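*Asks:* My questions are about this predicted structure, shown below with the sequence.
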Amino acid sequence: MKEIKNIIAEYHKIDFDKKKAALATVVKVRGSSYRSPGARMLITNDGRWIGSISGGCLEGDALRRAREVMQTGEPQVITYDTTAEGDSLGIGLGCNGIIDVLIQAIGEDDADNPIKRLESLVNYDNLSVIATVFRTNGTPGVAEQLWIDNNKNVHGDIRDKALRTQMSQDLLWVQENRKPEIKTYANGQLEVFFEIVEPCIDLLIFGAGFDARPVVDLAKVMGWDVTVTDECIAHIAPARFPLADQVKLCKREHVSEEIKIKPYSAAVLMSHNYEYDLQVLKRLLPTPVNYIGILGPKKRVDKMYESLEAEGFELTAEDKHRIHSPIGLDIGAETPEEIALSIITEIQAKFTNRSGGFLKYRNAPIHHRDGKEDQVFKQVFINQVIEKKSSI
């Protein structure tokens, strides 16, 4: 998500009276690749770019191709074969993957500007889906899109009524199942990338002590939205957390009313005050927040469970699954900075549905594959629907 944000920010800096621009997007991967479909880079005709489509292997050639696209205005799909036997660049990359990259010219006043479209979609609270045509023998053309908004309304360029209906149904299926797809239509003549665009993680930190600052700083490096809240006014000063998006004074009894929980919210309780953390936890549990991390030893959260159950609050298996305490991955963290790294990496693993273990011991490819054609897709967090309870 940070990459998309950076691309959007850089796009708005371009003086289109003096420069031309193009967007390169990975639309299909078979086998191994440094980046998954959906990776992007924004290129200008002065040789600058932001973002990436590989680990640095393909960017130079993509820059050359992008200049051609900027001149003609016609989108191109470039196939890079990085297998040892079929390296199309002649430099022996040996990544054992085949990558399709869509390159399209970007104009400030384009009605179908894909960067402006991304900008609107990333501001949704929940995920959205874009379907992009990248291989066709006729109409619709390469780079034409359909997309779905927050209210499940379908928009886009596809005018053929039957095709639009079919692709609209597939957009809804991808959104519902949270599985990016490559789909073919018109007897295989039309190939479309269905991409899930997720909002950034919304990190809510309860407790504004000195050890919260490195958590804020690392979260912002990741491109997340960050809110820091505390009920002690002495702790709540924007100067203490210059990178936070919001620093908020909020009493524990008002958490339910004043703190907005979004589908991609993660809560970290790190006040070092047992009663405060207990009361905040009590108010978070009825919400659909997917991750609740509590700083402290296991016996501390066990005591919280006992207190909640004594008050008649029934903790389900799902509740205990989304509560993480002791918080963080086991990396031997001691200092505030190390603990912050442990916390941020655990949240990242949670929202990408990964275990957080050593990759060398993973008995599966690094990137998620479909198992049919060895196609790579970005793994999307399966956001379980959590039934809300009445607050206590």
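*Replies:* Ah, there it is. Numbers count the residues shown, from 1 in each chain.
*Asks:* Now do the contacts for the closest residue to R178 other than its chain neighbours.
*Replies:* Leaving aside its chain neighbours, R178 sits nearest to V380 (4.6 Å; criterion: Cβ to Cβ, 6 or more residues apart in numbering). In this view, the C-beta of every residue, glycine as well, is placed from N, C-alpha and C. Counting by Cβ atoms under 8 Å, 6 or more residues apart in numbering, V380 touches 127, 178-180, 196, 198, 352-353.
*Asks:* So which of the residues you listed sit within strands?
*Replies:* I196 (DSSP state E).
*Asks:* Between the contacts of V380, which sits nearest D225?
*Replies:* D225 has its nearest neighbour among the contacts of V380 in E198, at 12.6 Å by Cβ to Cβ.
*Asks:* who touches the nearest residue to the closest one once chain neighbours are set aside in this structure?
*Replies:* The spatially closest residue to E198, leaving aside those adjacent along the chain, is L127, at 4.7 Å (Cβ to Cβ, 6+ apart). L127 makes contacts with 175, 178, 196-199, 263, 380, as judged by Cβ under 8 Å, 6+ apart.
*Asks:* re earlier: of the contacts of V380, keep whichever come out buried.
*Replies:* 127, 178-180, 196, 198 (16 or more other Cβ atoms under 10 Å).
*Asks:* Next one: the closest residue to L295 other than its chain neighbours from T72, what distance?
*Replies:* Excluding its sequence neighbours, the residue lying closest to L295 (Cβ to Cβ, 6+ apart) is M270, at 4.1 Å. M270 is 54 Å from T72, where distance means Cβ to Cβ, to the nearest Å.
*Asks:* What count of nearby residues applies to T79?
*Replies:* Close neighbours of T79, defined as other Cβ atoms under 10 Å, add up to 11.
*Asks:* which residues touch the host helix or strand of R65?
*Replies:* Assessed by DSSP states H and E, R65 sits inside helix 59-72. Outside helix 59-72, the residues within contact range by Cβ under 8 Å, 6+ apart are 20-22, 24, 41, 43, 45, 47, 49, 52-53, 75-76, 78, 80, 89, 101, 103-105.
*Asks:* following that helix, which helix or strand comes up?
*Replies:* Criterion used, DSSP H and E; the element after helix 59-72 is strand 76-81.
*Asks:* Now the helix or strand hosting Q169: buried residues?
*Replies:* Following DSSP H and E, one finds Q169 within helix 161-177. By neighbour count, with 16+ other Cβ under 10 Å as the criterion, the buried positions of helix 161-177 are 163-164, 167-168, 170-171, 174-175.
*Asks:* circling back: so for M270 and T72, which residue has more residues nearby?
*Replies:* Between M270 and T72, counted using other Cβ under 10 Å, M270 has the larger neighbour count: 22 against 10.
*Asks:* can you redo the contacts of V380 as JSON lines with distance to T345 and pLDDT?
*Replies:* Converted to JSON lines, the contacts of V380 look like this (distance: Cβ to Cβ, whole Å; pLDDT from 0 to 100):
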{"residue": "L127", "distance to T345": "22", "pLDDT": "87"}
{"residue": "R178", "distance to T345": "22", "pLDDT": "86"}
{"residue": "K179", "distance to T345": "25", "pLDDT": "87"}
{"residue": "P180", "distance to T345": "23", "pLDDT": "90"}
{"residue": "I196", "distance to T345": "22", "pLDDT": "92"}
{"residue": "E198", "distance to T345": "18", "pLDDT": "88"}
{"residue": "T352", "distance to T345": "11", "pLDDT": "87"}
{"residue": "N353", "distance to T345": "14", "pLDDT": "85"}
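*Asks:* Take the contacts of V380 and lay them out in JSON lines including distance to V228.
*Replies:* Output for the contacts of V380, formatted as JSON lines (distance: Cβ to Cβ, whole Å):
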{"residue": "L127", "distance to V228": "25"}
{"residue": "R178", "distance to V228": "30"}
{"residue": "K179", "distance to V228": "35"}
{"residue": "P180", "distance to V228": "33"}
{"residue": "I196", "distance to V228": "29"}
{"residue": "E198", "distance to V228": "23"}
{"residue": "T352", "distance to V228": "24"}
{"residue": "N353", "distance to V228": "27"}
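*Asks:* so which of the contacts of V380 comes closest to A364?
*Replies:* N353 (12.7 Å).
*Asks:* Can you give me the neighbour number for the residue nearest to T227 when sequence neighbours are not counted?
*Replies:* Closest residue in space to T227, ignoring its immediate chain neighbours: Q246 at 4.4 Å, by Cβ to Cβ, 6+ apart. Q246 has 12 neighbouring residues, counting by other Cβ under 10 Å.
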